[in-house]
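Engineer: fold the stuff below for me.
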Amino acid sequence: GLTRRWHKPVRRRDAPLITQDRPWEQTLYFTYSNYCVIKDPEDGLVKCWYEDLGLINGEGHPWKTRVLYAESKDGIHFQKPALDICMIDGRRTNVVMGYVEGMKPSELNPWADVGVHSNGIVIDPFPTAPDERFRTIFTRATFGENLGIRGTSGCAHSADGIHWKEYDEPPVFGRSGGHLGDVSCIHYDHGALLFVQNTR
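Structural biologist: Next up, the predicted model:
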(Lines give C-alpha, C1' and ligand atoms only; values in the text may rest on other atoms or scores of the structure.)
Protein backbone atom coordinates (compact mmCIF):
# COMPACT_ATOMS: atom_id res chain seq x y z
CA GLY A 1 0.00 0.00 0.00
CA LEU A 2 3.02 2.33 -0.23
CA THR A 3 3.18 4.83 -3.09
CA ARG A 4 6.07 7.11 -3.99
CA ARG A 5 4.76 10.45 -5.18
CA TRP A 6 6.98 13.18 -6.65
CA HIS A 7 5.71 16.64 -5.87
CA LYS A 8 6.39 19.48 -8.27
CA PRO A 9 8.52 22.18 -6.64
CA VAL A 10 7.23 25.74 -6.56
CA ARG A 11 9.78 28.51 -6.96
CA ARG A 12 9.81 31.31 -4.39
CA ARG A 13 9.59 34.54 -6.34
CA ASP A 14 9.96 37.15 -3.62
CA ALA A 15 13.77 37.05 -3.24
CA PRO A 16 16.84 34.79 -3.42
CA LEU A 17 17.38 32.79 -0.24
CA ILE A 18 21.07 33.69 0.07
CA THR A 19 22.36 36.97 -1.33
CA GLN A 20 25.69 38.79 -1.47
CA ASP A 21 25.24 41.03 1.56
CA ARG A 22 28.57 40.91 3.41
CA PRO A 23 31.52 43.21 2.59
CA TRP A 24 33.90 40.24 2.20
CA GLU A 25 31.67 38.44 -0.32
CA GLN A 26 32.89 38.99 -3.88
CA THR A 27 31.18 36.70 -6.41
CA LEU A 28 28.84 34.07 -4.96
CA TYR A 29 29.09 30.95 -7.09
CA PHE A 30 25.96 28.81 -6.87
CA THR A 31 26.48 26.22 -9.61
CA TYR A 32 25.70 22.52 -9.23
CA SER A 33 28.97 21.52 -7.56
CA ASN A 34 29.88 24.77 -5.83
CA TYR A 35 27.38 24.73 -3.02
CA CYS A 36 25.93 22.06 -0.76
CA VAL A 37 22.77 22.05 1.38
CA ILE A 38 22.16 19.44 4.10
CA LYS A 39 19.54 19.20 6.83
CA ASP A 40 21.43 18.07 9.91
CA PRO A 41 19.40 15.41 11.75
CA GLU A 42 21.14 16.19 15.05
CA ASP A 43 20.11 19.84 15.44
CA GLY A 44 17.48 20.14 12.70
CA LEU A 45 19.27 23.04 11.01
CA VAL A 46 19.50 23.36 7.24
CA LYS A 47 23.18 24.01 6.55
CA CYS A 48 24.57 25.54 3.39
CA TRP A 49 28.17 25.78 2.25
CA TYR A 50 28.67 28.02 -0.75
CA GLU A 51 31.59 29.22 -2.82
CA ASP A 52 32.85 32.78 -3.19
CA LEU A 53 35.17 33.65 -6.10
CA GLY A 54 37.84 36.30 -5.94
CA LEU A 55 38.90 38.15 -9.07
CA ILE A 56 42.07 37.48 -11.05
CA ASN A 57 42.97 40.23 -13.51
CA GLY A 58 39.40 41.47 -13.25
CA GLU A 59 37.86 38.07 -14.01
CA GLY A 60 36.17 35.66 -11.65
CA HIS A 61 37.91 32.29 -11.73
CA PRO A 62 38.29 29.40 -9.27
CA TRP A 63 41.58 30.22 -7.64
CA LYS A 64 41.04 32.96 -5.07
CA THR A 65 38.08 30.99 -3.91
CA ARG A 66 36.73 30.00 -0.55
CA VAL A 67 33.84 28.30 1.19
CA LEU A 68 31.32 30.26 3.25
CA TYR A 69 28.70 28.93 5.64
CA ALA A 70 25.05 29.80 6.31
CA GLU A 71 22.32 28.07 8.32
CA SER A 72 18.55 28.13 8.60
CA LYS A 73 15.81 26.73 10.83
CA ASP A 74 13.28 26.48 8.00
CA GLY A 75 15.39 26.22 4.84
CA ILE A 76 14.18 29.65 3.70
CA HIS A 77 15.56 32.27 6.07
CA PHE A 78 19.35 31.85 6.28
CA GLN A 79 21.72 33.39 8.80
CA LYS A 80 25.44 33.89 8.23
CA PRO A 81 27.08 33.40 11.62
CA ALA A 82 30.13 35.44 12.60
CA LEU A 83 32.75 32.75 13.13
CA ASP A 84 36.25 32.70 14.58
CA ILE A 85 37.97 31.07 11.60
CA CYS A 86 38.79 33.96 9.25
CA MET A 87 39.05 37.59 10.26
CA ILE A 88 38.81 40.17 7.46
CA ASP A 89 39.46 43.83 8.26
CA GLY A 90 39.21 42.97 11.96
CA ARG A 91 35.74 41.42 11.60
CA ARG A 92 34.64 37.84 12.16
CA THR A 93 33.21 36.28 9.02
CA ASN A 94 31.36 33.18 7.82
CA VAL A 95 34.38 32.01 5.77
CA VAL A 96 35.25 28.46 6.85
CA MET A 97 37.84 27.32 4.26
CA GLY A 98 40.02 28.81 1.57
CA TYR A 99 41.77 31.86 0.26
CA VAL A 100 41.80 35.10 2.25
CA GLU A 101 43.92 37.99 0.99
CA GLY A 102 46.89 38.60 3.30
CA MET A 103 46.03 35.74 5.65
CA LYS A 104 48.63 33.10 6.45
CA PRO A 105 47.68 29.42 6.73
CA SER A 106 46.75 28.44 10.28
CA GLU A 107 45.30 25.50 12.14
CA LEU A 108 41.83 26.98 11.65
CA ASN A 109 42.32 27.62 7.92
CA PRO A 110 45.33 25.80 6.44
CA TRP A 111 44.07 26.75 2.94
CA ALA A 112 44.31 30.54 3.42
CA ASP A 113 46.85 30.86 0.60
CA VAL A 114 45.22 28.52 -1.95
CA GLY A 115 41.80 28.18 -3.48
CA VAL A 116 39.31 25.69 -2.09
CA HIS A 117 36.98 24.92 -4.96
CA SER A 118 33.95 22.73 -5.62
CA ASN A 119 33.45 21.25 -2.16
CA GLY A 120 31.34 18.14 -1.93
CA ILE A 121 30.16 17.77 1.69
CA VAL A 122 28.41 14.81 3.30
CA ILE A 123 27.38 13.71 6.78
CA ASP A 124 28.95 10.36 7.65
CA PRO A 125 26.18 8.27 9.27
CA PHE A 126 28.77 5.97 10.88
CA PRO A 127 31.78 8.16 11.75
CA THR A 128 34.81 6.43 13.21
CA ALA A 129 35.41 9.47 15.44
CA PRO A 130 33.25 12.48 16.45
CA ASP A 131 35.40 14.87 14.41
CA GLU A 132 34.67 12.86 11.24
CA ARG A 133 30.92 13.39 11.24
CA PHE A 134 31.19 15.81 8.32
CA ARG A 135 33.47 15.00 5.42
CA THR A 136 34.41 16.98 2.34
CA ILE A 137 36.29 16.43 -0.88
CA PHE A 138 37.44 19.46 -2.85
CA THR A 139 39.90 20.83 -5.38
CA ARG A 140 42.89 22.69 -3.98
CA ALA A 141 43.36 25.23 -6.77
CA THR A 142 46.32 27.32 -7.85
CA PHE A 143 47.03 29.02 -11.16
CA GLY A 144 49.90 28.87 -13.64
CA GLU A 145 51.26 31.72 -15.73
CA ASN A 146 48.51 31.35 -18.34
CA LEU A 147 45.80 31.33 -15.64
CA GLY A 148 45.19 27.66 -16.31
CA ILE A 149 43.93 25.85 -13.24
CA ARG A 150 46.28 23.45 -11.52
CA GLY A 151 44.46 21.48 -8.91
CA THR A 152 44.82 18.46 -6.69
CA SER A 153 42.05 16.83 -4.72
CA GLY A 154 41.91 17.17 -0.96
CA CYS A 155 39.78 15.65 1.79
CA ALA A 156 38.93 17.11 5.19
CA HIS A 157 36.74 16.27 8.16
CA SER A 158 34.82 18.18 10.82
CA ALA A 159 32.72 17.60 13.91
CA ASP A 160 30.42 20.56 13.21
CA GLY A 161 30.77 21.35 9.50
CA ILE A 162 32.48 24.62 10.41
CA HIS A 163 35.93 23.79 11.79
CA TRP A 164 37.70 21.62 9.21
CA LYS A 165 40.93 19.63 9.34
CA GLU A 166 42.59 18.12 6.29
CA TYR A 167 43.51 14.43 6.31
CA ASP A 168 47.24 13.70 6.45
CA GLU A 169 47.10 11.62 3.27
CA PRO A 170 45.54 13.05 0.11
CA PRO A 171 42.95 10.99 -1.77
CA VAL A 172 44.04 8.82 -4.69
CA PHE A 173 41.82 7.89 -7.63
CA GLY A 174 43.34 5.00 -9.59
CA ARG A 175 45.45 6.07 -12.56
CA SER A 176 44.40 9.70 -12.05
CA GLY A 177 46.31 9.81 -8.77
CA GLY A 178 45.27 12.90 -6.84
CA HIS A 179 44.13 14.86 -9.89
CA LEU A 180 40.50 14.96 -10.95
CA GLY A 181 38.36 17.53 -12.69
CA ASP A 182 37.26 20.51 -10.64
CA VAL A 183 33.73 19.19 -10.10
CA SER A 184 33.02 17.11 -7.01
CA CYS A 185 29.63 15.94 -5.75
CA ILE A 186 29.57 13.37 -2.97
CA HIS A 187 26.86 11.43 -1.17
CA TYR A 188 26.54 8.37 1.04
CA ASP A 189 24.89 5.27 -0.41
CA HIS A 190 23.07 3.65 2.52
CA GLY A 191 22.39 0.47 0.56
CA ALA A 192 26.01 -0.13 -0.41
CA LEU A 193 27.43 1.50 2.75
CA LEU A 194 29.83 3.49 0.57
CA PHE A 195 30.68 7.10 -0.16
CA VAL A 196 30.01 7.89 -3.82
CA GLN A 197 31.66 10.73 -5.70
CA ASN A 198 30.58 12.16 -9.04
CA THR A 199 33.20 14.15 -10.88
CA ARG A 200 34.42 14.89 -14.38
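Engineer: list the residues that contact the residue sitting nearest the centre point of the chain.
Structural biologist: Per Cα atoms, centre = their mean, the C-alpha nearest to the average position across the chain is that of Asn119, at 3.8 Å. Asn119 is in contact with Asn34, Cys36, Trp49, Glu51, Val67, Met97, Thr136, Ile137, Phe138, Ser184, counting by Cβ atoms under 8 Å, 6 or more residues apart in numbering. Yep, even glycine has a C-beta here, placed from its N, CA and C like the rest.
Engineer: one more time with 7 Å
Structural biologist: For Asn119, the contacting residues are Cys36, Trp49, Val67, Thr136, Phe138, by Cβ atoms under 7 Å, 6 or more residues apart in numbering.
Engineer: any idea how far the second one is from Trp24?
Structural biologist: What it means is Trp49. 16 Å (Cβ to Cβ, to the nearest Å).
Engineer: okay, the two: which has more neighbours?
Structural biologist: Using other Cβ atoms under 10 Å, the more surrounded residue of Trp49 and Trp24 is Trp49, with 23 against 17.
Engineer: hmm, that one is touching Asn34, no?
Structural biologist: No: counting by Cβ atoms under 7 Å, Trp49 stays clear of Asn34, with 9.3 Å between them.
Engineer: what pairs with the helix or strand that contains Tyr69, and is each one parallel or antiparallel?
Structural biologist: Secondary structure from DSSP states H and E places Tyr69 in strand 59-72. For strand 59-72, the pairing partners within the sheet under DSSP bridges are strand 46-56 (antiparallel), strand 78-79 (antiparallel), strand 95-98 (antiparallel).
Engineer: in CSV: those, plus mean pLDDT and distance to Phe30.
Structural biologist: Shown next, in CSV, are the strands paired with strand 59-72 (pLDDT from 0 to 100; distance: least, Cβ to Cβ, whole Å):
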stretch, mean pLDDT, distance to Phe30
strand 46-56, 89, 6
strand 78-79, 97, 12
strand 95-98, 97, 16
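Engineer: among those strands, which comes closest to Gly1?
Structural biologist: With Cβ to Cβ as the measure, strand 46-56 is the member of these nearest Gly1 (31.1 Å).
Engineer: buried residues in the closest one?
Structural biologist: By neighbour count with 16 or more other Cβ atoms under 10 Å, strand 46-56 contains the buried residues Val46, Lys47, Cys48, Trp49, Tyr50, Glu51, Asp52, Leu53, Gly54.
Engineer: run through who's touching that strand.
Structural biologist: Identification of contacts with strand 46-56 by Cβ under 7 Å, 6+ apart yields 18, 25-30, 34-40, 60-72, 75, 78, 99, 117, 119, 121, 143, 147, 161.
Engineer: thanks a lot, catch you later.
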